[in-house]
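Q: fold the following and give me the result.
(2 chains)
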Amino acid sequence: MAALLAGCGGGGGGGADGSASSTAGGPASVPDVAAQPTSLADASRLADQASFGATEAMLQAIMADGPARWVAQQMRADVSRYTRGGSDAIHRYTGRDYCADNNLGASCWADNYSHEPLASDFFRNAVSRPDQLRQRVALALQQILVVSSLEVEGTYGLRHYQNLFLAHAFGNWRTVLEKVALSPLMGDYLNNLNNDRTDPNENFARELLQLFSLGTCELEADGNLRGGACQPTYDNAQVRAYAYALTGWTYPAGGASPWCQGTGGPDGNCRYYQGDMVPRPGAHDDQPRALLSGVTLPAGRGAPAALQGVLDSLMAHPNIGPFIGRQLIQHLVTSNPSPAYVRRVATAFDTGRHAPFGSGTKGDLQATVAAVLLDPEARGDSAGAQAGRLREPVQYFAGVLRALGGQTDGRVLTWSWGADLGQHVFRPSSVFNFYPPDYPVAGTALQGPQFGILNAGSGLARINYLNFLLYWGGAAPSAGMADALGTRVDLQAFEADAADPARLVDRMLRLAVGGRMSPAGRQAIIDAVAAWDSRAGAPAYLHERIKTAAYLVFASPHYQVTR
Amino acid sequence: MQRRQFLSAAGASLAAGLASPARAQSTDYRALVCIFLYGGNDGMNMVVPRDAGRHGQYAAVRKALALPQGSLVPLGADYGLHPSMAALAPAWAAQSLAPVFNVGPLYQPLTRDEYLNHKARGKTVPESLFSHHHQQLLWETAHHDASRLSGWGGRAAAARSGTVMAGGGNGRFGLTEHQAALVFPAPGAAFGLEGWFGNQNAARLAALRTLHAESSEQILHNAYAGRQREAMALADQLGPTLRINPKDNPGEAINSAFAPLIDAQRALTTPLARQLYQIAKLIEYRANLPAGLGGSRHIYFATLGGFDTHGNQIGTDVLQGTHANLLKTLADAMAAFHAATEDLGLAANVTTFTQSDFGRTFAPNSSRGTDHAWGNHQLVLGGAVIGNATYGRYPELALGGPDDAGQAQWERLGRWVPTASVDQYAATLLRWWGLGEGQIDGVLPNLRNFGSARGLNFLRA
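A: Prediction:
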């Protein structure tokens, strides 16, 4: 448990660049739930669905409390935040070159412009901070409402944006959409910033409809296509109406640069990523526009009122519950939820309640997340043939470290292992994330989003990550990084059982897969462990046994594909 | 039949292949190489009219994005390439390069008027037009319905008992209902299980294989385990070929063709160059490939991303900037790859072609960029191309004109209704590659909607 509670500081509360908590609808207080003990198998499933991976202590806690009480406790846990990296100084600097002029050294770009400080916080927090469920929901949100460091730079801006998802993980979807729509970072990423009523740019408007709220086809409440075939949710003229409605925003005040003299006038404010975008006089389209859900924007309404109209039209649309609900299920529980499961989650989204969770306001994420995790399809000892999801790479990186007493500063999990496995966190190739939600798994009738980045090269790299941790000794702490940890496991806890191969393997299997393994698979692992005997010399052979057991258990398809 | 069955059957043929000369001499070989330009390439700035009348129309609408007439790389008197694509000028001169105009997903032939009134006219329009994800799928699947699972490359390969081989990721193009494309890593990359598996560790490797051979009641488990079994087998068979790279293998035959894209550290300089280098190598060493990958008929898939140029498509100079850099990357890599096929004596056996999500609006937006559109221009390259000619009809350069899908005054932005379909484009390629008409109809189910216009005739028989 100590490892669970260790980790870096920066708890809850709004910091200088933090997001204040939601106002609209306000997050519901978390209910008290009575304990209702559950099985190891169920606890193991929940750990995979709601955390970055089981520890022995976490499994004990879930088994004792039961899913509902444990989920409620998770929702109450102190809020992790992104805290590392440089400040807004890069966008207040009026000289030519912030890094060079100030002699800030070789890491200046990484510290001040890149996503690397966030990645370090991300993996540190995933491995050791207690608010595991919040972090998993935030990871889901960042993969739906995508921004990529590939196209936008400014560490403080990326930090501000990603902290939104941690802060609002159990808030309300409307608030999340509003914050995203007003984010100057998103404004830059999808070109809505300084968008002008003359020849408006359609990029953000289109993806707001297609990816962040409704999707392109009309849906039934259970997520199936209405009428069995794609009937367009909107046409191109309507996309254009949204583009017009979303014109007229510029950077918040505060930025300066030698190239920018802007004061919100015709050229807008200077680039600045702290705070919400502000209206830009004269740039907002003031024509009447017809939006979806019967919402119309009157002439002369101004950009802020137009944005509220846009949000009204999206939140009132019947697609939004099943569209967002199904994706949250896919990110947390299973790639192929039944229509009935989607309907139940969409109902929680629409009513804002999944008793005793939720505020009763549509879009309530506390209710929606509780409905996702506590659904009969997510719970229980056994799951159906269609159940589960391929563990996504960042969940896998952190999961092995959590299970094996490990620690990381994230350094090797981005450009190297992240890229090798196809998920370099904070740096997806486009707004379409690392993989699409509907990626088909060849040879089956199922979808598997994470199969969109599984191929021969990345598949073998998955297994090689274990070789790196167990046989190369991981990575040493990096010179030049504040409180560097490297990326390492600590197998000491397993030494007590290493004299008995079966006992060691069974312990590892309980931890990793809730004890789920075929007799033949278990025996193969035991045989490989027992191949190391005392002739190899003590204590080395005991250590080799632990490495062998860990390599095989965590490489096994049983671990890679959750239930 | 699943690929793993091919692969397990392929061990013997691999051994036979290694015993024979590595460079197969048979000319009964044909390869298609798809380069997918993710994000939606602005074809209107890739192939531009050069004649004074149309260039004037173009410049009047394109405004800041307009490329000066004199900057274009001439494709005859009427058209020119973006100036950053000069590397392809020799291929045009050698009659190996051709642009194909205004191609896009269609269910059936469609005029502007029929599109605007498609319900009344009983016409079917492709699903989710102007959406990246869906239009990528329609290009990759050659269908009008984005829920189609398999790609036209995968279906075509399967018709010849092969598998698409891909360098740039798991695009839908190479999928079939039964198998995924073989996605290979960059040259020089370790491809295989790392670590020491001798002595007691041999038991660990055996157990790893046992764990991946188990079947489960869980479908995704089995699919994952199957992929990993394939990966392990492929690493054993193809690892040595895939690891060849300019740095460690200075004498490799294709190095001179790729020399413009090899830096001082002898590394390939762009992601597309790395993919096409691998493909050139797999073509060169095709005798070493497992038979299950297609024998004498291969289909390859490479990708280049970043074409979603909504903002700042150009730099401070119209000849520079994001789109110019992307097109240079494309043209340089295509030219090097084509040169490699010439060096291998296989230029007429390999045809390279582009695909992309969609074209972009002819009229730019207020952020010096362009938005999502529909029909788009593509390039085909190879010794079998009837080059030094253009194919298809270039759209009329009028906003709200006969090719513009926009109706209301405020949405007439030059989103071209395609005048050639993905099916016709693909059929032309697949006929040359070796499929019969019946097989083509099987791979491209909408082709029959185009009657006798079953191809675009840009390839020799």
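Q: how about the residues of the stretch 201-350 of chain B by chain A?
A: Residues of the stretch 201-350 of chain B found near chain A (C-beta under 8 Å from any C-beta of the partner chain) are B:201-204, B:206-208, B:210-212, B:214, B:216-221, B:223-228, B:230-232, B:234-235, B:305, B:308, B:310-311. The C-beta positions use only the backbone N, C-alpha and C, and glycine is treated the same way.
Q: and A:A106, how many neighbours does it have?
A: 9 (other C-beta atoms under 10 Å in any protein chain shown).
Q: which residue sits closest to it in space, ignoring its chain neighbours?
A: Leaving aside its chain neighbours, A:A106 sits nearest to A:G480 (7.8 Å; criterion: C-beta to C-beta, 6 or more residues apart in numbering or on different chains).
Q: the one you found contacts A:C108, doesn't it?
A: No: counting by C-beta atoms under 8 Å, A:G480 stays clear of A:C108, with 11.3 Å between them.
Q: which one of the two has more residues nearby?
A: More neighbours surround A:C108 than the other of A:G480 and A:C108, with 17 against 11 (other C-beta under 10 Å).
Q: residues in contact with the more buried one?
A: Each residue near A:C108 by C-beta atoms under 8 Å, 6 or more residues apart in numbering or on different chains is listed here: A:G86, A:Y98, A:C99, A:N102.
Q: host element of the first one?
A: When elements are defined using DSSP states H and E, A:G86 is found to belong to no helix and no strand.
Q: might you list the low-confidence residue ranges for the chain?
A: Just going to use chain A. A:1-27, A:262-265 (pLDDT under 70).
Q: should've been chain B
A: Along chain B, the parts satisfying pLDDT under 70 run over B:1-26.
Q: remind me, longest helix of it?
A: Identified as the longest helix of chain B according to DSSP state H is helix B:219-243.
Q: and that one, what does it pack against?
A: Helix B:219-243 sits against helix A:456-470, helix A:557-560, helix B:3-19, helix B:201-213, helix B:271-284, with contacts defined as 3 or more C-beta pairs under 8 Å, 6 or more residues apart in numbering or on different chains; DSSP states H and E.
Q: give me the buried positions along it.
A: B:219-235, B:237-239, B:241-243 (16 or more other C-beta atoms under 10 Å in any protein chain shown).
Q: any idea which helix or strand comes after it?
A: Using DSSP H and E, the next helix or strand after helix B:219-243 towards the C-terminus is helix B:255-258.
Q: just the C-alphas of stretch B:419-435, formatted as CSV.
A: Output in CSV follows, covering the C-alpha atoms of stretch B:419-435 (Å, rounded to 0.1, in the frame of the first residue of the first chain):
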residue,chain,number,x,y,z
THR,B,419,-16.3,12.7,-62.3
ALA,B,420,-14.4,9.4,-61.8
SER,B,421,-15.0,6.9,-59.1
VAL,B,422,-12.7,5.2,-56.7
ASP,B,423,-14.0,2.0,-58.3
GLN,B,424,-13.0,3.0,-61.8
TYR,B,425,-9.6,4.1,-60.5
ALA,B,426,-9.1,0.8,-58.6
ALA,B,427,-10.4,-1.3,-61.5
THR,B,428,-7.8,0.2,-63.8
LEU,B,429,-5.1,-0.8,-61.4
LEU,B,430,-6.4,-4.3,-60.6
ARG,B,431,-6.9,-5.2,-64.2
TRP,B,432,-3.3,-4.4,-64.9
TRP,B,433,-2.3,-6.3,-61.7
GLY,B,434,-3.9,-9.4,-63.0
LEU,B,435,-7.5,-9.8,-61.9
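Q: taking chain A, what residue is nearest to chain B?
A: Nearest residue of chain A to chain B: A:N455, at 3.4 Å (C-beta to the nearest C-beta).
Q: and the residue nearest to that residue when sequence neighbours are not counted, what does it touch?
A: Closest residue in space to A:N455, ignoring its immediate chain neighbours: B:V183 at 3.4 Å, by C-beta to C-beta, 6+ apart. Neighbouring residues of B:V183 by C-beta under 8 Å, 6+ apart: A:N455, A:A456, A:G457, A:S458, B:A166, B:G167, B:G169, B:N170.
Q: quickly list what whatever residue of the stretch 151-300 of chain B ends up closest to chain A is bridged to.
A: The nearest approach of the stretch 151-300 of chain B to chain A comes at B:V183, 3.4 Å away (C-beta to the nearest C-beta). Applying DSSP bridges to B:V183 gives these bridge partners: B:A166.
Q: which stretches of the stretch 51-200 of chain A form strands?
A: Using DSSP state E, counting those that start in this stretch, no strands are assigned anywhere in the stretch 51-200 of chain A.
Q: what does it put close to chain B?
A: A:L190, A:N191, A:N194, A:N195, A:D196, A:T198, A:D199, A:P200.
Q: may I see the ChimeraX selection of the buried members of these?
A: Selection of buried members from these for ChimeraX, criterion 16+ other C-beta under 10 Å:
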select /A:190,191,194,195,196,199,200
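Q: can you redo the helices and strands packed on helix B:219-243 as a markdown table with mean neighbour count and distance to B:A363?
A: Below are the helices and strands packed on helix B:219-243 laid out as a markdown table (neighbours: other C-beta atoms under 10 Å in any protein chain shown; distance: least, C-beta to C-beta, whole Å):
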| stretch | mean neighbour count | distance to B:A363 |
| --- | --- | --- |
| helix A:456-470 | 23 | 41 |
| helix A:557-560 | 24 | 49 |
| helix B:3-19 | 16 | 46 |
| helix B:201-213 | 19 | 54 |
| helix B:271-284 | 25 | 29 |
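Q: out of these, which comes closest to B:G43?
A: Among these, helix B:271-284 comes nearest to B:G43, with 17.6 Å by C-beta to C-beta.
Q: and the next helix or strand after the closest one, C-alpha only, in CSV?
A: Using DSSP H and E, the helix or strand that follows helix B:271-284 in sequence is strand B:297-304. Only the C-alpha atoms of strand B:297-304 are listed here, as CSV (Å, rounded to 0.1, in the frame of the first residue of the first chain):
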residue,chain,number,x,y,z
ARG,B,297,1.4,-10.5,-57.2
HIS,B,298,2.0,-8.1,-54.3
ILE,B,299,0.0,-5.2,-52.9
TYR,B,300,1.8,-2.7,-50.7
PHE,B,301,0.4,0.1,-48.5
ALA,B,302,2.4,3.2,-47.4
THR,B,303,1.2,6.3,-45.7
LEU,B,304,2.0,10.0,-45.3
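Q: show me what strand B:297-304 is in contact with.
A: Contacts to strand B:297-304, defined as C-beta under 8 Å, 6+ apart, come from residues B:29-38, B:153, B:156-157, B:160, B:162, B:164-169, B:171, B:173-174, B:181, B:271-272, B:275-276, B:279, B:282-283, B:286, B:326, B:329-330, B:333, B:433-434.
Q: how does it look with 6 Å?
A: B:30-38, B:153, B:157, B:160, B:164-169, B:173-174, B:272, B:275-276, B:279, B:330, B:434 (C-beta atoms under 6 Å, 6 or more residues apart in numbering or on different chains).
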